[in-house]
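Q: sequence? don't have it. structure:
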């Protein structure tokens, strides 16, 4: 994802800049949104403001933003479609805009009912694409591939083992600090909407993380980020995805073999092993059981593949 700072090439009026700054602070301090979520929201907003500038012929003032009508928002949606933006991406961008406009109303700056009236794009019902148990273990066995620094390989192994062994989102894992790492049989994870859940931790996960920390030259401790990049800063999702891509290419796995696929694999393999949907829902932090039920389709597909084979 592009850094939100790179999307601010337009010179926005002061009232809009002030509103964005206050919104960002509200997301971080009151909503307790993760850095990842906040940056995504900002990137979506700045991309929208860039469209509005072209649409209106000038950088929009706060008054302009509050006067946009349904036709204006539909034009923005049409532009995204013409640019080939995925419907899932557009749905998230629309959610970001609604959040920003709700903040404008909440902070007494004004309201715009039009943005709330725009329907979300109809999303395709996609089936999660997990790895097979053998492929998941092969990823862990080769997590240190192409690493000049041994500690970076151990970091990758610790991260991938945590994702697969606990079913975490990549953002949840990368947001962890050193003092939040697992030391017992369970750990508390803060997920979407700042909701916390308790997930069990196998000894192999703790051992992988401890081994990584022992060899890391930056010795993460206390409030330091748990997973670090080569220069000692918090590891970002793009780097984790790049490392997974190296392993994927080495093992000749499909493009769907991403860090998030390890979370899918966790859920699917639990279900195949007799886990019930409610428990898996709690472990994944899904707000709705219908989201978890997608994994039953995966399990059925795999059973049919074995039967037909």
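A: That came in fine, so what should we check first? Treat the numbers as computed from the prediction; the structure is a model and nothing was measured.

Q: can you find the helix or strand in this structure with the smallest mean pLDDT?
A: Across the helices and strands of the chain, mean confidence by mean pLDDT, DSSP states H and E is lowest for helix 294-308: a mean of 54.

Q: which of the three states applies to residue 54?
A: Put simply, residue 54 is helix when judged by DSSP: H, G, I helix; E, B strand; the rest coil.

Q: for burial, what's the neighbour tally of it?
A: 10 (other C-beta atoms under 10 Å). Glycine gets a C-beta too; all of them are placed from N, C-alpha and C.

Q: give me every residue that touches it.
A: By C-beta atoms under 8 Å, 6 or more residues apart in numbering, the contact set of residue 54 is empty.

Q: all helices for the stretch 151-300 of the chain, in order.
A: Per DSSP state H, counting those that start in this stretch, the stretch 151-300 of the chain carries helices over the ranges 170-174, 203-215, 237-251, 259-272, 277-284, 289-292, 294-308.

Q: which residues touch the residue most central in space within the chain?
A: Closest to where the C-alpha atoms of the chain average out (C-alpha atoms, centre = their mean) is residue 171, at 5.1 Å. Residue 171 sits next to 34, 36-37, 237 when contact means C-beta under 8 Å, 6+ apart.

Q: distance of it from residue 285?
A: Distance of residue 171 to residue 285, computed by C-beta to C-beta, to the nearest Å: 11 Å.

Q: from the contacts of residue 171, pick the one nearest residue 119.
A: Nearest to residue 119, judged by C-beta to C-beta, of those is residue 37 at 23.1 Å.

Q: quick one: residues contacting that closest one.
A: Residue 37 touches 27, 171, 192, counting by C-beta under 8 Å, 6+ apart.

Q: helix or strand for it, just tell me which one.
A: helix 35-56 (DSSP states H and E).

Q: got the angle between that helix and helix 237-251?
A: 100 degrees (axes from the mean of the first three to the mean of the last three C-alpha atoms, to 10 degrees).

Q: chain center to helix 35-56: distance?
A: Centroid separation for helix 35-56 versus its chain: 17 Å, with C-alpha atoms, centre = their mean, to the nearest Å.

Q: which parts of it are buried?
A: Going by neighbour count (16 or more other C-beta atoms under 10 Å), the buried part of helix 35-56 is 36-49, 51-53, 55.

Q: my read: residue 129 touches residue 260, true?
A: No - the pair residue 129 and residue 260 does not pass the contact test of C-beta atoms under 8 Å, sitting 9.3 Å apart.

Q: so for those two, which sits in the more crowded spot?
A: More neighbours surround residue 260 than the other of residue 129 and residue 260, with 20 against 16 (other C-beta under 10 Å).

Q: dump the residue contacts of the more buried one.
A: 169-170.

Q: so that it lines up with my notes, have the first residue be 446 from now on.
A: Sounds good: first residue 446 from here, last item residue 705.

Q: ramachandran angles for residue 531?
A: Phi and psi for residue 531, reported as degrees, to the nearest 10, are phi -70, psi 150.

Q: what does the pLDDT read for it?
A: Note on residue 531: pLDDT of 82.

Q: report how many residues lie close to it.
A: Here the number of neighbours of residue 531 (other C-beta under 10 Å) works out to 13.
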